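Colleague: sharing a model that was predicted from the sequence below.
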Amino acid sequence: MEERRYIAPSNFKGGRLIFGMYRISDLIVVAAGTLLTIVGCIICFNSLSGVALIVGVIIFVFIGGICWLLTTNYSVYHNIMGFCIEYLDYFVSNKNYVFEGIVNYDEEKDKKNTEEQSEKL
């Protein structure tokens, strides 16, 4: 698993980011969300009325808000989208936990020891 968390000054990567806070993938998400919100609201205003208009506008504004929320800063991670990617990667990846606590039982070694002890008797 690839580790992407770094403890560094807050302005450490500011020179490599667009506007000091966005990567290209972040800008694509924000642009797509904003475009979808604007186009969806225009379509809703032109074709719907009443309660359907309000529900349509709320849905499209909610989509745009989620896109903006995903690209906001989040503690040690770059942004919330980076945190979600790491979180998903952690749960999807295969983990191998080898038990080597107080007792480390080896069957072959134990079998050899019991054979040697039975031969001595």
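Modeller: Perfect, I can see it now. Numbering: from 1, shown residues only.
Colleague: in this structure, what helix or strand scores lowest on average pLDDT?
Modeller: The least trusted helix or strand in the chain, going by mean pLDDT, DSSP states H and E, turns out to be helix 107-120, with a mean of 76.
Colleague: chain neighbours aside, what residue packs nearest to Thr37?
Modeller: The shortest distance from Thr37 to any non-neighbouring residue, by CB to CB, 6 or more residues apart in numbering, is to Gly64 (3.2 Å). In this view, the C-beta of every residue, glycine as well, is placed from N, C-alpha and C.
Colleague: that neighbour: what's it in contact with?
Modeller: Gly64 is in contact with 33-34, 36-37, counting by CB atoms under 8 Å, 6 or more residues apart in numbering.
Colleague: now which of the residues you listed would you call buried?
Modeller: Buried subset of the contacts of Gly64 (neighbour count, 16 or more other CB atoms under 10 Å): 33, 37.
Colleague: just the closest of the contacts of Gly64 to Tyr90, please.
Modeller: The shortest approach to Tyr90 among the contacts of Gly64 belongs to Gly33, at 25.5 Å (CB to CB).
Colleague: that closest one reaches Ile63, doesn't it?
Modeller: Yes. Using CB atoms under 8 Å, Gly33 is in contact with Ile63, at 6.2 Å.
Colleague: show me where pLDDT drops low in the protein?
Modeller: Residue ranges of the chain with pLDDT under 70: 1-15, 20, 99-105, 121.
Colleague: need the longest helix for it.
Modeller: helix 24-47 (DSSP state H).
Colleague: after that one, which helix or strand is next? Please name it.
Modeller: Per DSSP states H and E, the first helix or strand lying C-terminal to helix 24-47 is helix 51-70.
Colleague: give the buried residues for that following helix.
Modeller: For helix 51-70, burial by neighbour count (16+ other CB under 10 Å) applies to 56-57, 60, 64, 67, 70.
Colleague: now do stretch 25-33
Modeller: Buried-residue list, stretch 25-33, by 16+ other CB under 10 Å: 26, 29-30, 33.
Colleague: chain center to it, what's the gap?
Modeller: Put simply, stretch 25-33 sits 16 Å off its chain's centre (CA atoms, centre = their mean, to the nearest Å).
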